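Peer 1: predicted coordinates and the sequence they were generated for:
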Amino acid sequence: MSALALSILSETFSGKARAGAIGIWATMVGLGFGLGPVVGGLLLGVFGWSSIFWVNVPFALVGIALTVTVVPESRNPDIRPVDVPGVLTSAAGLLALIFGLIEPASNSWTSAPVAASLAAALVLLASFVWWERRAPVPMIPPAVVKLRRFTTSCGVYLLSYASLTGVYFYLTLLYQDVDGWTALRTGLSWLFMNIPFLVMAQFAGRLSRQLPARAIAGGGCLVTAAGILTFSTLSPSSPFIIAVIGYVLFGTGTGMWIPGVANVAMRDVPPGLSGTASGVFNASRQVGTSIGLAILGAIGADAATSAWTSQAAHLPGAARRAAIGQARNVASARISSVTRALGTGHRPAAEQAFSHGYQVAVLIAGLGLIAAAIIAAFGLRDNRRRELDAAEGKPAPPGEPDNPTIVAQPHHTFVTRPDGGHNHVNH
């Protein structure tokens with residue numbers, strides 16, 4: 001659905017009309033982004049965890065009705081067969097990779113399940129690349145792969161969302177599981193991030209006419225990184241104003257680079273391949289989300305476990321063994337489980353150990369956004385006159401593609417963990 005929205009808007013509108021239409025869509029996205037956590041918190045508090053799924057049914061029915069009655073039909077005259085080997089090898093490779101990255105939370109990196117999964121991922125993903133270079137009709141057409149700004153944008157999207165996902169996850173653990181906030185209170189606090197995102201998304205078109213794409217994307221990533229690095233200083237006892245500063249920077253930055261990167265990604269794509277390209281672009285976000293949460297979760301859990309076991313080493317024999325047995329609960333921010341098993345006197349140590357893992361993971365996420373900014377600065381270079389013509393809806397010079405698109409996409413969901421009432425916001 002997210003991928004097809006890009007294609008539908010590109011096919012239906014052009015020039016300034018397209019920019020206006022996408023601006024309205026960005027507004028709706030921003031409203032959903034801001035209201036989602038708040039409404040989700042209310043539903044969780046009143047109806048339980050299953051309500052956050054059922055509430056989507058009426059929206060889906062309305063969406064289907066509007067699509068059938070309002071959206072004009074469009075088809076690609078050059079129908080491509082499904083690349084079954086490409087789909088299977090890429091999906092299986094990503095599944096093995098993600099499993100191999102999250103399994104170290106239960107087993108060591110040298111254990112058989114982890115080693116086998118990572119080895120299988122390497123073989124499968126290498127097979128996917130090999131097949132795509134030789135397939136008669138590859139899943140990702142060569143014409144799309146050869147577009148430098150498109151592939152760079154996908155890389156920036158993947159790396160950025162890999163970082164964002166870990167931040168969402170750890171912020172929610174900190175405030176809900178450690179500080180004991182309700183889902184509603186957490187959702188309301190995110191308005192300090194959502195409102196700046198909504199405001200900045202509205203200026204996406206204007207920014208594209210005043211600044212080059214690499215300045216918008218790179219600058220937005222750096223502002224987001226500043227917010228994440230602010231988050232990395234938080235602990236359970238930190239004043240909330242520090243988090244507010246991080247939220248504002250985070251929301252402002254994402255409101256810049258999300259539409260900016262999508263704009264330059266789709267600009268060079270030939271009209272007949274807009275659907276495929278938008279699918280690949282959206283897939284880069286999904287892959288980044290999955291891999292990022294697995295990697296940052298493993299890093300944070302390992303750091304928290306190491307900090308906790310170092311503290312437990314000073315305890316006498318039986319107490320030390322009991323404390324080490326709670327390492328997984330500490331890494332998962334289940335501080336209440338730790339205090340029930342060991343006593344309330346161990347709470348400060350457990351919070352300190354979790355905070356160490358949290359800070360390490362979030363710091364690495366911030367460095368990931370800085371890396372994305374560097375990639376954007378060097379990979380999204382373009383002729384400024386061409387960018388301005390695209391923003392104004394003017395045709396591109398002969399031999400140059402003309403397919404500008406500016407889009408803002410939501411980048412988180414609100415879910416719950418039903419094994420004890422802990423509700424997590426992540427991507």
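Peer 2: Right, received. Where do you want to start? No experiment lies behind these values; they were computed from the predicted model shown. Numbers count the residues shown, from 1 in each chain.
Peer 1: what's the burial count for the nearest residue to residue 223 once chain neighbours are set aside?
Peer 2: Distances taken as CB to CB, 6 or more residues apart in numbering place residue 253 nearest to residue 223, at 3.3 Å, with adjacent residues excluded. (C-beta placed from N, C-alpha, C; glycine too.) Number of residues near residue 253 (other CB atoms under 10 Å) recorded here: 26.
Peer 1: measure residue 253 to residue 360 for me?
Peer 2: Distance of residue 253 to residue 360, computed by CB to CB, to the nearest Å: 22 Å.
Peer 1: ok, residue 317 next?
Peer 2: Residue 317 is 29 Å from residue 360, by CB to CB.
Peer 1: okay, those two: which has more neighbours?
Peer 2: More neighbours surround residue 360 than the other of residue 317 and residue 360, with 20 against 7 (other CB under 10 Å).
Peer 1: the more buried one and residue 294, how far apart?
Peer 2: Distance of residue 360 to residue 294, given as CB to CB: 16 Å.
Peer 1: can you check residue 50 too?
Peer 2: Residue 50 sits 26 Å away from residue 294, going by CB to CB.
Peer 1: of the two, who's got more company?
Peer 2: Relative neighbour count places residue 294 above the other of residue 50 and residue 294, with 22 against 12, counting by other CB under 10 Å.
Peer 1: so which elements touch the strand or helix carrying residue 301?
Peer 2: Per DSSP states H and E, residue 301 falls inside helix 274-312. Of the remaining helices and strands, those touching helix 274-312 by 3 or more CB pairs under 8 Å, 6 or more residues apart in numbering; DSSP states H and E are helix 2-12, helix 84-102, helix 142-145, helix 148-172, helix 240-267, helix 317-324, helix 327-331, helix 347-379.
Peer 1: including distance to residue 226 and mean pLDDT, could those helices go into CSV?
Peer 2: Below are the helices and strands packed on helix 274-312 laid out as CSV (distance: least, CB to CB, whole Å; pLDDT from 0 to 100):
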stretch, distance to residue 226, mean pLDDT
helix 2-12, 27, 70
helix 84-102, 27, 90
helix 142-145, 33, 84
helix 148-172, 13, 91
helix 240-267, 5, 88
helix 317-324, 37, 87
helix 327-331, 27, 90
helix 347-379, 8, 94
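Peer 1: nearest to residue 288, of these?
Peer 2: Taking CB to CB, helix 148-172 is the member of those nearest to residue 288, at 3.7 Å.
Peer 1: following the closest one, which helix or strand shows up next?
Peer 2: Beyond helix 148-172 toward the C-terminal end (DSSP H and E), the next one is helix 183-189.
Peer 1: now that next one: mean pLDDT?
Peer 2: When pLDDT is averaged over helix 183-189, the result is 85.
Peer 1: what is that helix packed up against?
Peer 2: Helices and strands touching helix 183-189, by 3+ CB pairs under 8 Å, 6+ apart, are helix 15-46, helix 240-267.
Peer 1: pull out the buried residues from the next helix or strand after the longest one.
Peer 2: Sequence-wise, the next helix or strand beyond helix 15-46 is helix 51-54, with elements assigned using DSSP H and E. Of the residues in helix 51-54, those buried by neighbour count under the rule 16 or more other CB atoms under 10 Å are 51, 52.
Peer 1: likewise stretch 282-302?
Peer 2: For stretch 282-302, by 16+ other CB under 10 Å, it's 282-302.
Peer 1: and if you look at stretch 182-190?
Peer 2: Within stretch 182-190, the residues that count as buried by 16+ other CB under 10 Å are 183, 184, 186, 187, 189, 190.
Peer 1: turn the residues you listed into TSV, columns for distance to residue 215.
Peer 2: Below are those laid out as TSV (distance: CB to CB, whole Å):
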residue	distance to residue 215
183	38
184	38
186	33
187	33
189	31
190	27
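Peer 1: any idea which helix or strand carries residue 130?
Peer 2: helix 112-134.
Peer 1: mean confidence for that helix?
Peer 2: On average, helix 112-134 scores 92.
Peer 1: buried set for that helix?
Peer 2: The neighbour-count check on helix 112-134 (16+ other CB under 10 Å) flags 114, 117, 118, 120, 121, 124, 125, 127, 128, 131, 132 as buried.
Peer 1: the residue nearest to the third one when sequence neighbours are not counted: neighbour count?
Peer 2: If the residues on either side of it in the chain are set aside, residue 118 comes closest to residue 100, at 3.9 Å by CB to CB, 6+ apart. The number of residues packed near residue 100 is 22, by other CB under 10 Å.
Peer 1: for residue 100, what are its contacts?
Peer 2: Going by CB atoms under 8 Å, 6 or more residues apart in numbering, residue 100 touches 113, 114, 115, 116, 117, 118, 120, 121.
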